[in-house]
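Asks: just need the structure, nothing else, for what follows:
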Amino acid sequence: MARILLIEDSPTDRAVFTQWLEKAGHEVLTADNAEDGLQLAKSQVPQLVLMDVVLPGMSGFQATRALSRDATTRDIPVLIVSTKSMETDMAWGMRQGATDYIVKPPREDDLIARINKLVG
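Replies: Residues are numbered from 1 along each chain as shown. Down below sits the predicted model:
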């Protein structure tokens, strides 16, 4: 189906999300920090980026802004998946260029449905 870049520093969340995405037929690229994720996004140009917010070094908000401002990656939808559940966090994520925002822990069917809508 789609090549998806997962930027997530939690090994547990990375494993669970990768399993869900592969089960749904997607190819998964992973990065455990924003800097590596940005490099992968530019070199592999995935159809979607799943972005955590709380990351070592650069935050997911900063990385989302960087993706949305780069000519190579600006058309890639970013779905933020974060424990940050306040309305202000969601609004800020969308202002940085995110296409959608889902609070952790997501339900598998909800996450896959949102992804499929964005890459469909």
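Asks: may I have stretch 57-75 as CSV, with CA atoms only?
Replies: C-alpha atoms of stretch 57-75 as CSV (Å, rounded to 0.1, in the frame of the first residue of the first chain):
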residue,chain,number,x,y,z
GLY,A,57,16.7,16.7,20.6
MET,A,58,14.4,18.3,18.1
SER,A,59,10.7,18.0,19.0
GLY,A,60,8.1,16.5,16.7
PHE,A,61,6.5,20.0,16.4
GLN,A,62,9.9,21.4,15.1
ALA,A,63,10.3,18.4,12.8
THR,A,64,6.8,18.8,11.4
ARG,A,65,7.5,22.5,10.7
ALA,A,66,10.8,21.5,9.0
LEU,A,67,9.0,19.0,6.8
SER,A,68,6.2,21.4,5.8
ARG,A,69,8.8,24.1,4.8
ASP,A,70,11.1,21.8,2.7
ALA,A,71,10.4,21.6,-1.0
THR,A,72,11.1,17.8,-1.1
THR,A,73,8.8,16.9,1.8
ARG,A,74,6.2,19.7,2.1
ASP,A,75,3.5,17.6,0.3
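Asks: can you give me the helices in this structure?
Replies: With DSSP state H, the ranges of helices along the chain come out as 11-23, 34-44, 60-69, 87-95, 108-119.
Asks: what mean pLDDT does the first one have?
Replies: With pLDDT averaged residue by residue, helix 11-23 scores 98.
Asks: most centrally placed residue in this structure?
Replies: Averaging the C-alpha coordinates of the chain gives a centre point, and the residue nearest to it by C-alpha atoms, centre = their mean is residue 50 (1.4 Å).
Asks: and the residue lying closest to that one once chain neighbours are set aside, how many neighbours?
Replies: In space, residue 50 comes closest to residue 6 once its chain neighbours are excluded; the distance is 4.7 Å by C-beta to C-beta, 6 or more residues apart in numbering. Using the backbone N, CA and C atoms, a C-beta is placed for each residue, glycine as well. Other residues near residue 6 number 24, with proximity taken as other C-beta atoms under 10 Å.
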